[in-house]
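Asks: Got a sequence here, can you model it:
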Amino acid sequence: MVNSFDEWSSLKEVIVGSPINYNSQDLELSFKLFFHDVAYTAFWYPHYEKKESQKENSAETSSTRKLGKKYLEELAEDVEELAKTLEGLGVKVHKPMTLSHPIKFKTPYWEATCIPALNVRDQAIIIGNEIIETPPQIRARYFENDLLKPIFYNYFNQGAKWTTMPRPIMSDRSFDMSYVSSDRTPCVENIYAQNTSEFDVGYEMMIDGAQCIRLGKDIIVNVATENHWLGFQWLERHLGDKFRLHKIFQLTDNHIDSIVLPLRPGKLLLRNPQFLHKLPEFLQKWDIIYPPEPTENIFPQYEDDELILTTKYIDLNILSVDEEKVIVNSLFPELMTTLEKHGFTPIPVRHRHRRLFGGGFHCFTLDTVREGKLEDYFG
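Replies: Numbers count the residues shown, from 1 in each chain. Reported below is the predicted structural model:
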């Protein structure tokens with residue numbers, strides 16, 4: 001039965017995402033907004049300081065971007081290695097339904113093409129014995145969780161609670177642009193034109209599970225936009241007094257699991273010291289592990305037209321199997337050495353194209369059963 005309160009207690013069951021038929025990406029408003037600071041073609045990679053005209057050209061090349069067959073095959077190999085590694089560690093692995101072919105769909109408000117359920121951490125969060133489906137932030141992912149329904153129904157039949165947060169309409173005006181309209185990206189008005197629609201209802205609830213870090217009774221939530229703020233309020237009201245939600249304001253634009261991850265009580269992996277002051281005070285007192293700075297040679301070099309979707313810190317997106325063992329990308333051995341020095345046992349698994357598909361091992365998994373119980377946690 002579903003039971004998961006934290007990121008570190010002994011892992012018993014997990015969903016590992018499926019990369020099958022991740023053939024394309026729709027380059028429309030919601031996609032470009034979500035990846036506003038990292039999505040650019042490899043022509044400009046690894047140069048992060050992009051001129052406005054360069055960034056605009058890379059985002060507007062076409063309405064759909066195809067992904068290379070070689071990268072898809074190698075991604076499938078690496079995800080299968082992850083699943084087999086987890087099974088070898090005694091973890092029961094569940095997999096989503098396979099997306100058999102690209103499926104175009106149309107709502108009354110917009111059109112998109114489904115992508116497979118690869119980054120399964122994003123659109124669901126497990127809180128104790130409850131599955132909470134979170135409202136999508138990218139239109140192509142609107143029906144993605146349908147691929148997880150056989151797993152969720154199985155858990156429901158075992159007694160799990162199953163809740164879905166309100167589904168957004170996702171018209172152009174549903175999205176709060178304030179985060180990306182600041183000095184961080186002054187060219188945003190030229191890239192993200194928001195059309196009006198008869199279906200506009202104002203800002204809507206949109207937040208991902210990967211914006212939340214679970215520490216038992218305490219749950220940290222990154223809030224960067226009005227969309228996230230609505231989601232935070234819903235979670236706070238829904239979970240009630242049993243949990244303490246801590247809002248972190250604009251730690252980053254959305255997901256935080258490549259910035260901060262608790263590895264066991266009292267031990268925290270944090271990207272670098274500049275983020276420390278934004279954490280809740282009780283977390284600032286933990287033993288902080290700062291990882292080595294990743295270098296460009298740990299990433300593949302791509303053709304000019306491939307779209308880079310993550311920062312160079314994506315390999316901090318690791319998965320704890322228990323309070324000692326952590327699954328780490330074998331292509332970042334310096335991180336494994338650092339973790340060993342702090343008393344952890346890294347389990348190396350190769351993950352080559354994490355920058356093309358926007359996720360690491362924490363993103364690709366949704367831990368549904370861990371041994372931790374609510375009464376085990378700090379008061």
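Asks: Quick one: residues contacting T252.
Replies: By CB atoms under 8 Å, 6 or more residues apart in numbering, the contact set of T252 is N222, A224, I259. All C-beta spots, glycine's among them, are computed from the backbone N, C-alpha and C.
Asks: Which of the residues you listed ranks first by neighbour count?
Replies: N222 (26 neighbours; other CB atoms under 10 Å).
Asks: That residue should be in a strand, yeah?
Replies: Yes. Counting by DSSP: H, G, I helix; E, B strand; the rest coil, N222 is located in a strand.
Asks: surely it meets I256?
Replies: Yes. The pair N222 and I256 qualifies as a contact (CB atoms under 8 Å) at a distance of 4.6 Å.
Asks: okay, and the common contacts of these two?
Replies: Shared contacts of N222 and I256 (CB under 8 Å, 6+ apart): Q211, I248.
Asks: Surely N119 and G360 touch.
Replies: No. Assessed by CB under 8 Å, N119 is found out of contact with G360, at 9.3 Å.
Asks: buried stuff in stretch 113-133?
Replies: For stretch 113-133, a neighbour-count test (16 or more other CB atoms under 10 Å) marks 114-133 as buried.
Asks: Likewise for stretch 81-89?
Replies: By 16+ other CB under 10 Å, the buried positions in stretch 81-89 come out as L82, A83, T85, L86.
Asks: okay, that stretch in CSV with CA atoms only?
Replies: Output of stretch 81-89 as CSV, limited to C-alpha atoms (Å, rounded to 0.1, in the frame of the first residue of the first chain):
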residue,chain,number,x,y,z
GLU,A,81,19.5,0.3,-16.5
LEU,A,82,18.0,2.4,-13.7
ALA,A,83,15.0,0.1,-13.4
LYS,A,84,17.2,-3.0,-13.3
THR,A,85,19.5,-1.4,-10.7
LEU,A,86,16.6,-0.7,-8.4
GLU,A,87,15.2,-4.2,-8.8
GLY,A,88,18.7,-5.5,-8.0
LEU,A,89,18.5,-3.5,-4.7
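Asks: Can you tell me what sits against it?
Replies: Residues contacting stretch 81-89 (CB under 8 Å, 6+ apart): 11, 14, 16, 93, 95, 321, 325, 327, 347, 349-351, 361, 364-365.
Asks: Name the nearest of those residues relative to T295.
Replies: Of all the contacts of stretch 81-89, T295 sits closest to H351, with 16.4 Å by CB to CB.
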